[in-house]
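> fold the following and give me the result.
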Amino acid sequence: MTKNKKRQNHHPLVRWFIKFTGWPVAGLYLRRKTYFENPGVQKRSLKGGVLLVSNHRSYWDYISYFALFLFRFIRPVVSYEIYHKNKLLTFFLNMIGAIVVDKNPFDFSWMEETIALLRKGKKVIIFPEAHFIQEDKLATFHSPYITVALRAGVPIIPLYTNGVYGSIHRNRVIIGEPIYLKDHTNQTTLLREERERLNELVKKKVESLKFQMERQKNLHWFSPKKFFWDLGRALVAIHLCLIYRIKFVTYDGKKRYKKAGPYLLASNHVKFSDSFVLITGFWRRRMKVMCADVVYGQPKPKKVRSFFLNQAGCIKISRETMDLKAIQNCCDSLNKGHVLLVFPEGHLHRDTELGEVHEGTAMIAQRAKCDIVPSYIAYGKHWYNRTRIYLGKEIPVSDKKGMKGIAEMTTQLNLALAELKAKADKEMKK
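Take a look at the predicted model:
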């Protein structure tokens, strides 16, 4: 313990000097991109004692997290073997005040030291895997940090990094929302089973962050890899916005609908141009469109038409059979962070009356774990009238599993579309 204290008593000015001189270099080399589990709500600032928990890919993880929170000192918990790996790494870990786990497995002095620091409002990061894992799948999390967090009375902030450093690809990190373990247990003294349950809860949270980070990578409105897709939807929006002059009518009264992440946009279907209207209205988002096989051409698909439909982001689905391949393509698209446009009625209803909503929309939402956003398109009576897009409140994934959950979400979607239609009809009569 004495050696650990001696290692950590460096003057704060030394740490500030290392942080601010090394931050630009780390930024250029790591090219880090930071995401948040709840964008727009979370901030990078950390107040009070916090225990950060992350997966572990490389020695560069220490530098990445050291530079991530510019105005906060993050003290890592490191193993005895890593600390003594080489003199340069030892020097760096000394500078940032690393907490060293003794090679004696029965020496828990590092836990007492960590708890004392957390109670003083310090920030500590721990890697529960205890060694580097190069695979995408997380290894077993060791659970002593659960006891540390509970005894110190501090929240756990989960982190996930893709572990890419110094390459053409960027190092990506996602910051999760705080986990308060006291909200998940009533026990003051944890038994082994309860500690392992909480440990598994945190591990699943870190795994979910990886999934969410992959989704958020595709939220940018422009990407060189999707140049033609982005150019196409931009051209569609520029030309058609003057024709339709779209106006959003949202359930909360806002003029524009902003929802991060993937979701299913379920709309009524009265004209062939419905998809173009919605693509124009949501031009900032990459949108995939479920398209019936008859549009591609029957009985033999038209090659030219099929090419342009595929380039426009259409996903072909058969009306006659349970097209599992198309459903999987829809789920893959949502997992990549796109918006999926679905016409749950399945057919055009030119009389503006709503048809029966099929259960396929809820099935996809349940499998991809995405919300459904109900939408209703109301065209004006005259050419100079604006086209209105009515948007209802999001329908979350049902807690019920299987067909019961699908049936519940389908019923909610039916009611939501009916309410939007009634609202649109009432306003059109004025």
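> low-confidence stretches in the stretch 101-250 of the chain?
By pLDDT under 70, the low-scoring segments of the stretch 101-250 of the chain are 188, 217-225.
> would you map the helices across it?
109-119, 144-152, 192-216, 227-244 (DSSP state H, counting those that start in this stretch).
> put together a markdown table for these, with distance to H84 and mean neighbour count on each row.
Glycine gets a C-beta too; all of them are placed from N, C-alpha and C. Formatted as a markdown table, the helices of the stretch 101-250 of the chain follow (distance: least, Cβ to Cβ, whole Å; neighbours: other Cβ atoms under 10 Å):
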| stretch | distance to H84 | mean neighbour count |
| --- | --- | --- |
| helix 109-119 | 15 | 18 |
| helix 144-152 | 21 | 21 |
| helix 192-216 | 27 | 17 |
| helix 227-244 | 49 | 14 |
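> among the ones you listed, which is nearest G346?
Distance to G346, taken as Cβ to Cβ, is lowest for helix 227-244 among the helices of the stretch 101-250 of the chain, at 23.8 Å.
> who are the packing partners of that closest one?
Applying 3 or more Cβ pairs under 8 Å, 6 or more residues apart in numbering; DSSP states H and E, we find helix 227-244 packed against helix 274-281, helix 303-311.
> and the longest one with helix 227-244, angle?
An angle of 90 degrees separates the directions of helix 303-311 and helix 227-244 when computed by axes from the mean of the first three to the mean of the last three Cα atoms, to 10 degrees.
> kindly report the same for the shortest one.
Compare the direction of helix 274-281 with that of helix 227-244 by the same axes, to 10 degrees and you get 100 degrees.
> for this structure, longest strand please?
Ranked by residue count and defined by DSSP state E, the top strand of the chain is strand 371-378.
> can you list the domain ranges for the protein.
2-216, 224-429 (automatic domain parsing).
> and stretch 138-146, how far apart are its ends?
Stretch 138-146 has an end-to-end distance of 18 Å (Cα to Cα, to the nearest Å).
> and stretch 43-54, by the same measure?
18 Å.
> again, but for stretch 55-73
19 Å.
> buried residues, it. List them.
55-69 (16 or more other Cβ atoms under 10 Å).
> if we only consider those residues, which is nearest to A260?
Nearest to A260 among the buried residues of stretch 55-73, with distances taken as Cβ to Cβ, is L68, at 20.8 Å.
> so who does the spatially closest residue to the closest one that is not a sequence neighbour touch?
Leaving aside its sequence neighbours, L68 sits nearest to V173 (Cβ to Cβ, 6 or more residues apart in numbering; 6.3 Å). Counting by Cβ atoms under 8 Å, 6 or more residues apart in numbering, V173 makes contact with 32-35, 64-65, 68, 159-162.
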